[in-house]
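just a sequence and a predicted model for now, questions to come.
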Amino acid sequence: MTDSVKKPVRVRMAPSPTGPLHLGTARTTLFNWLFAKSHNGKIILRIEDTDFERSKKEYEEDIINGLKWLGFDWDEGPDVGGQYGPYRQNERLDIYEKYLNKFFDEEKVYYCFCSKEQLEEDRQAMLSQGMAPKYGGRCRNLDPKEAKKRVENGEHAAIRFKVPPIEVEFTDIIRGKVSVNAELIGDIVIARNLRSPLFMFAGVVDDFEMKISHVIRGEDHITNTPKQILLQRALEFDEVKYAHLPLILAPDRSKLSKRHLETSLNDYRNEGFLPEALVNFLAFLGWHPTEDKEIMPVEELIKEFDLRRVQKGGAAFNIVKLEWFNSQYIQKMDSKELLSRLESFIPKTWLENPDLLIKIIDVEKSRMNSLAGFKNLAEPFFELPFYDKKLLLWKDISEKDTLRNLKMLSEEILKIPESDFGKKRLEQIIMPLTEVWGRGELLWPLRAGLSGREASAGPFELMDVLGKDESLKRIKSAADKFNA
RNA sequence: GGCCCCAUCGUCUAAUGGUUAGGACAUCAGGUUUUCAUCCUGAAAAUCGGAGUUCGAUUCUCCGUGGGGUCACCA
């Protein structure tokens, strides 16, 4: 309960399966995960599906999938079990009911029969008077026995918690002291009925039941915290430690929404971002190590992660920087490994020749800033694109000279024995020629003819991958453009 | 609107009661055996405004401004 008695670190990842895995959820999860890992703590995955109308099994699957893809694991959860389960709130209704009944016995809650229309009217009235809209307490003083009877007779009533009019203060690990006057809050609804708790209440019960030590969540929850602390006190639970993370903002620092960019993790996955890059990028959105470094693999993040170094202000999402992280991780990645990541991004037929693909990857790696971009880069290796003969002309070199140069190169390349054909040998043969005839004059048409592209890898690398026959074929086809 | 949180280059951020306010991405200019990319070098670029505390504040305090969050029988 106090700092002197250190509780074992147990954090929870608590996504709501009301949509596909969100970028913000991914980052909150990452910070929880890093914190737990760096403290040898346990991680609990809890599915917060008390909103039965919006919660969907498919979203739960998507979220779990996405979290695993990012490389996270957990010690307890709906899929792996654990001694504090079940781990779906929907399966814990008995537990909530028990505490709700306790609350009724102690008269800390009451039934509220106000209709939604009525409440909305009240709200508007208060708003128009410039007041903070809060529940006025119309049902607070109804006779509990009578209220219970009405509910038993089938009348619908929500369950409200009597919020005491006191100042609530808590210490946030990131922000320090935060205090709120609960008088401004009004009695909050904590359950639709005994079998249908709401987030505010279910979370508090679960955090206690699951022995959670630290609640690390987005700043959007900061105003929920005093309410939950009040609930904890009423339930006589130990207080947990809180850390509220700064929010991810849109690139223009406004509120993050789908209007500005993709907010679902799957979009980034499908665009060919590496989970390693995403994790590194997300970690640096609001956090930074002591030293100046950017590329930090996850093991290093764990080693250096510290909640106290988390930024307080919101962080704008910068896709360009993400792309940079991605290209860095791609360049550093072993080509074999890269190939396995590439599988879902390329035509199946390409997979028939893995050796060739590895060669292409080696050559094109530095030009890749996403897995999805590889296909376009690799296409010329499988099929020479159609191109206009103008592409072969270096600066103001004439067609005639270009043709001559191509023929000359072709003859020289032909002389190289198959067994000795490769980048090194090609350079040895061709580079001296450029001393005489000019670099651009020889190399440009050669490269353009081999790739059929305005921009590509260099001619020696190209030929190295294409092989002697295909290279000569392409050079001939380039020369033919002028013969015709 | 009430309440809460926040504020260093365009962006992510480092640092300190005294520094030429550092790094990274992006930008610009060069260089590295032709193009593109990689890589290297260099340049430009910031302490939101105003008071106060102090010998000295970007750092501490207050006010203002700006941004964000929240005020659901969503989470």
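Sure, I can see it. Residues are numbered from 1 along each chain as shown, chains lettered A, B, ... in the order given.

give me the buried stretch members for the lowest-mean-pLDDT helix or strand in chain A, please.
Within chain A, no helix or strand scores below helix A:116-128, which has a mean of 83 by mean pLDDT, DSSP states H and E. Buried residues in helix A:116-128, counted by 16 or more other C-beta atoms under 10 Å: A:Leu119, A:Asp122, A:Met126. Every residue, glycine included, has its C-beta placed from N, CA and C.

and the next helix or strand past that helix?
Using DSSP states H and E, the helix or strand that follows helix A:116-128 towards the C-terminus is helix A:144-152.

check the offset of that following helix from the chain's centre.
48 Å (C-alpha atoms, centre = their mean, to the nearest Å).

quick revisit: out of the buried residues of helix A:116-128, who's nearest RNA strand B?
A:Leu119 (5.7 Å; C-beta to the nearest atom of the strand).

mind putting the buried residues of helix A:116-128 in a markdown table, distance to A:Trp394 included?
Shown next, in a markdown table, are the buried residues of helix A:116-128 (distance: C-beta to C-beta, whole Å):
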| residue | distance to A:Trp394 |
| --- | --- |
| A:Leu119 | 76 |
| A:Asp122 | 78 |
| A:Met126 | 76 |
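
now do the least confident helix or strand of chain A: everything it contacts.
A:Ala132, A:Pro133, A:Lys134, A:Tyr135, A:Gly136 (C-beta atoms under 8 Å, 6 or more residues apart in numbering).

which of those tops the neighbour count?
A:Tyr135 (20 neighbours; other C-beta atoms under 10 Å).

isn't that one up against A:Lys162?
No - if you go by C-beta atoms under 8 Å, A:Tyr135 and A:Lys162 don't touch, sitting 10.8 Å apart.

can you list the residues of the stretch 1-150 of chain A near RNA strand B?
Contacts of the stretch 1-150 of chain A with RNA strand B, taken as C-beta under 7 Å from any atom of the strand, map to A:14, A:16, A:18, A:48, A:50-51, A:54, A:112-116, A:119, A:123, A:127, A:130-135.

quick one: the helices in the stretch 201-350 of chain A?
Applying DSSP state H, counting those that start in this stretch to the stretch 201-350 of chain A gives helices spanning A:224-235, A:265-270, A:275-283, A:298-304, A:319-332, A:335-342.

ok, which of those helices comes nearest A:Ser38?
With C-beta to C-beta as the criterion, A:Ser38 lies closest to helix A:298-304 of those, at 5.2 Å.

check whether that closest one contacts RNA strand B.
No - against RNA strand B, helix A:298-304 shows no contacts by C-beta under 7 Å from any atom of the strand, the least distance being 11.9 Å.

related to what we said a few turns ago, list residues touching both of A:Tyr135 and A:Lys162?
Contacts common to A:Tyr135 and A:Lys162, judged by C-beta under 8 Å, 6+ apart, are A:Asp187.

ok, the residue of the stretch 251-400 of chain A found nearest RNA strand B - contacts?
Of all residues in the stretch 251-400 of chain A, A:Gly313 sits closest to RNA strand B, at 2.8 Å by C-beta to the nearest atom of the strand. Taking C-beta under 8 Å, 6+ apart, we find A:Gly313 in contact with A:Pro246.

go again using 10 Å as the cut-off
If a contact means C-beta atoms under 10 Å, 6 or more residues apart in numbering, then A:Gly313 has A:Glu219, A:Pro246, A:Leu247, A:Leu249, A:Arg253, A:Gly286 as its contacts.

next step: those restricted to strands.
Judged by DSSP state E, the contacts of A:Gly313 include A:Leu249 as members of strands.

can you tell me which of the contacts of A:Gly313 has the most neighbours?
With neighbours taken as other C-beta under 10 Å, the top of the contacts of A:Gly313 is A:Gly286, carrying 21 neighbours.

please list all residues in contact with it.
So A:Gly286 contacts A:27, A:31, A:174, A:219, A:245-248, A:309-315 (C-beta under 10 Å, 6+ apart).

swap in A:Ser344?
A:Arg269, A:Asn270, A:Gly272, A:Leu371, A:Ala372.

list just the nearest of these to A:Gln89.
A:Arg269 (27.0 Å).

ranking the contacts of A:Gly286 by neighbours, who comes first?
Result: A:Leu245 is most packed of those (other C-beta under 10 Å), 28 neighbours.

bridged to that one, which residues?
A:Gly218 (DSSP bridges).

from RNA strand B, how far out is it?
A:Leu245 sits 10 Å away from RNA strand B, going by C-beta to the nearest atom of the strand, to the nearest Å.

my guess is that residue contacts A:Gly218. True?
Yes - contact status for A:Leu245 versus A:Gly218: in contact at 5.5 Å, counting by C-beta atoms under 10 Å.

got any ranges where the stretch 51-200 of chain A has weak pLDDT?
Scanning the stretch 51-200 of chain A for pLDDT under 70 picks out nothing.

strands along that one, start to end?
Residue ranges of the strands in the stretch 51-200 of chain A, as given by DSSP state E, counting those that start in this stretch, are A:109-112, A:158-161, A:167-172, A:176-181, A:188-193, A:196-197.

in TSV, list those along with mean neighbour count and distance to A:Ser398.
As requested, those are exported to TSV (neighbours: other C-beta atoms under 10 Å; distance: least, C-beta to C-beta, whole Å):
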stretch	mean neighbour count	distance to A:Ser398
strand A:109-112	22	89
strand A:158-161	22	86
strand A:167-172	14	73
strand A:176-181	12	74
strand A:188-193	19	83
strand A:196-197	22	82
